[in-house]
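[1] Next one to model:
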Amino acid sequence: MTKPSSNRKKATSAVSNNLQATASSAEDTFDPENPATATITVTAAEVEELSETEQRDRLHLERRVERAFFEAGKALAELRDRRLYRSTHKTFEEYCRSRFAYTHRHVNYLIAASNVVDNIIMGTNGSQNEIPDEMGTIGSKNEISDEMGTNGSQILPTTERQVRPLTKLEPSQQQEVWRQAVEQAGGKVPPARIVKDVVQRIMERTKVPNTYQIGEVCQILAKDNPELRGKGGCWGIVNHVGQFSCTVKTWDGEYTVGLQHLKSFNYLPAECEQMQVICDRIGRVYSSGLEESVQKFLEMLGKLKRAYLTDLEEKVLSFLELEIIP
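    Numbering: from 1, shown residues only. Next comes the predicted model:
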């Protein structure tokens, strides 16, 4: 008969010792010769209640989680501005889509919303640098408090959708609209519906006649409008005039732009016609499949602040037309 190995004996001995130790620590029955018959009595652990301070801290932290869009917007803006994505991704949009599953539009909404919250805080406290929190400490501007202001509580947004309508307004208007929305909500955080209604009334009251004309060349001013992200400084040709906006044709498509986001170049009619020709030429050549250097050149032409191409620019564009257009 084969002799059992010494390792097997050691393992069996270790198991037996462990079970004996467990049995000795609990008032249970245990038979060393038959471990399978052991019975263990488990005493339920008592749930520890939170102290008043811990409950207050928990509520404070939970509210900060609800307001995460503000801190998310600030963090995304810094990641974008410092290009901290460049070691793993070519573009910021690709990085956000891969890392956070955020669409380009959602990222822009978050960044724009965080700027609106900054403006609301500025209108209340006059400073962004030191914001007192409800626990009596001083926090950074990324740590939004639950109670703010010197004369009472300051109600702040809790979701990005509540401030999305405010991104179309100037900072002073954002502060006023939010104040009115809070009043209409009975001193509570107003839903997005109330904020949107107040914004609509403000825009109707400050209505400015649309003086733009079809064929006019205008520059696009992004002004933290997430829908115009990447189009700031681009020029375009007005091809439709509405009551509050214009449809502008640029080198890569058409965009509906509010009057507050347009600035006329005041070109002469002949210059406008020349820019229309340049716009059409760039549009026929440009595509996302081009080499990056070629794309950058065409995008640069789309931000010209003059009504003509230099000789070299004309030669390069003509060469691209010969190479790309069938």
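[2] Remind me which helix or strand the most centrally placed residue in the chain belongs to.
    The centroid of the chain falls nearest to L110 when counting by C-alpha atoms, centre = their mean (2.5 Å). Assigned by DSSP states H and E, L110 belongs to helix 104-125.
[3] coming back round to it: ok, the residue nearest to the residue nearest to the centre of the chain when sequence neighbours are not counted - contacts?
    Counting by C-beta to C-beta, 6 or more residues apart in numbering, L110 lies nearest to G73, which is 4.0 Å off, once chain neighbours are set aside. No exception for glycine: its C-beta is placed from N, CA and C like everyone else's. The contact partners of G73, taken as C-beta atoms under 8 Å, 6 or more residues apart in numbering, are 110-115, 160.
[4] so G73 sits in a helix?
    Yes. Applying DSSP: H, G, I helix; E, B strand; the rest coil, one finds G73 inside a helix.
[5] Is H240 in contact with Y212, as I believe?
    No. Taking C-beta atoms under 8 Å as the definition, H240 is not a contact partner of Y212, at 9.7 Å.
[6] Pull up the overlap in contacts between those two.
    Listed as contacting both H240 and Y212 by C-beta under 8 Å, 6+ apart are C246.
[7] Look at the two and report which has more neighbours.
    Ranked by neighbour count (other C-beta atoms under 10 Å), H240 and Y212 place Y212 first, with 18 against 13.
[8] in what helix or strand does that one lie?
    When secondary structure is defined by DSSP H and E, Y212 falls outside every helix and strand.
[9] Phi, psi for it please.
    Here is the backbone geometry of Y212 (degrees, to the nearest 10): phi -70, psi 150.
[10] what's the answer for the one 4 residues further on, then?
    Here is the backbone geometry of E216 (degrees, to the nearest 10): phi -70, psi 140.
[11] Secondary structure element holding the closest residue to F297 other than its chain neighbours?
    In this structure, F297 finds its nearest non-sequential neighbour in V316, 6.6 Å apart by C-beta to C-beta, 6+ apart. For V316, the host element (DSSP H and E) is helix 311-324.
[12] Would you indicate which residues of that helix are buried?
    316-317, 320 (16 or more other C-beta atoms under 10 Å).
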